[in-house]
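Asks: Predicted model, plus sequence, below.
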Amino acid sequence: MRAVLDANVLFPTILREVLTDLAAVGLFQPLWSDRILEEWRHAAGRLGPDQHSVAGAEVALLRLRFPGACVAADGQEVIDLDFPDPADRHVVEAALAGGATLIVTANLRDFPQRMMAGLGLRALHPDAFLLDLHRDHPDTVARALQDACAKAAAIGGGMTMADMLRRCRLPRLARAVKG
């Protein structure tokens, strides 16, 4: 399964770590475009100039880890559709260019279900996406979550799994992991 990861799921470090660790073990093939990666850098840059540099290094590492994940989106695929936020059109273009069936995004309102279905796509919140993966691969998802929690603790995060999942806005996954 191919899934475009929107900038808003790449920018939160913990969520990105969980998603990319699951991709690395083969649960899905991640896709993005140069523009999505640049949006991530821009969002990080709002936290300060040093964060822009850190995000640049993280983008470079992500490109090395997943060399085939970046797809070209030239703006021609869905040019005639009226998106709630025209600035998000490029995410759909990346999905179409990469042969993805899913867009993982925290901004579902910008990707109306009816419009996505007409394009053969589905937009999912990361909570729903990870919950689906957890249903099929509970041990693998639990391991990725534990690894992310350990990494956060190692850099001074010192949070519980519940705190981490709450911070990542993954309430349904938190209930599934807890129960």
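Replies: Done, it's in. Numbering: from 1, shown residues only.

Asks: only C-alpha atoms for contact and neighbour calcs from this point on.
Replies: Noted.

Asks: just checking, next helix/strand downstream of the helix or strand harbouring Arg41?
Replies: Using DSSP states H and E, Arg41 sits in helix 34-45. Moving toward the C-terminus from helix 34-45, the next helix or strand (DSSP H and E) is helix 49-65.

Asks: what mean pLDDT would you report for the very next helix or strand once past that next one?
Replies: Scanning forward in sequence from helix 49-65 by DSSP H and E, the next helix or strand is helix 89-98. Per-residue pLDDT over helix 89-98 has a mean of 92.

Asks: For the protein, give me the ranges with low pLDDT.
Replies: 74-79, 157, 179 (pLDDT under 70).

Asks: Determine which residue of it is most distant from the centre point.
Replies: Asp80 (25.8 Å; CA atoms, centre = their mean).

Asks: quick one, what contacts it?
Replies: Going by CA atoms under 8 Å, 6 or more residues apart in numbering, Asp80 touches no other residue.

Asks: Check Thr140 too.
Replies: 22, 134.

Asks: Equivalent analysis for the one 3 residues further on, please.
Replies: Neighbour list for Arg143: empty [criterion: CA under 8 Å, 6+ apart].

Asks: Which strand or helix spans it?
Replies: helix 138-154.

Asks: next one: Leu31
Replies: strand 29-31.

Asks: residues in contact with that strand?
Replies: With CA under 8 Å, 6+ apart as the criterion, strand 29-31 contacts 1-5, 20, 23, 66, 68-71, 94-95, 98, 100.

Asks: Out of those, which end up buried?
Replies: 2-5, 20, 23, 69-71, 94-95, 98, 100 (16 or more other CA atoms under 10 Å).
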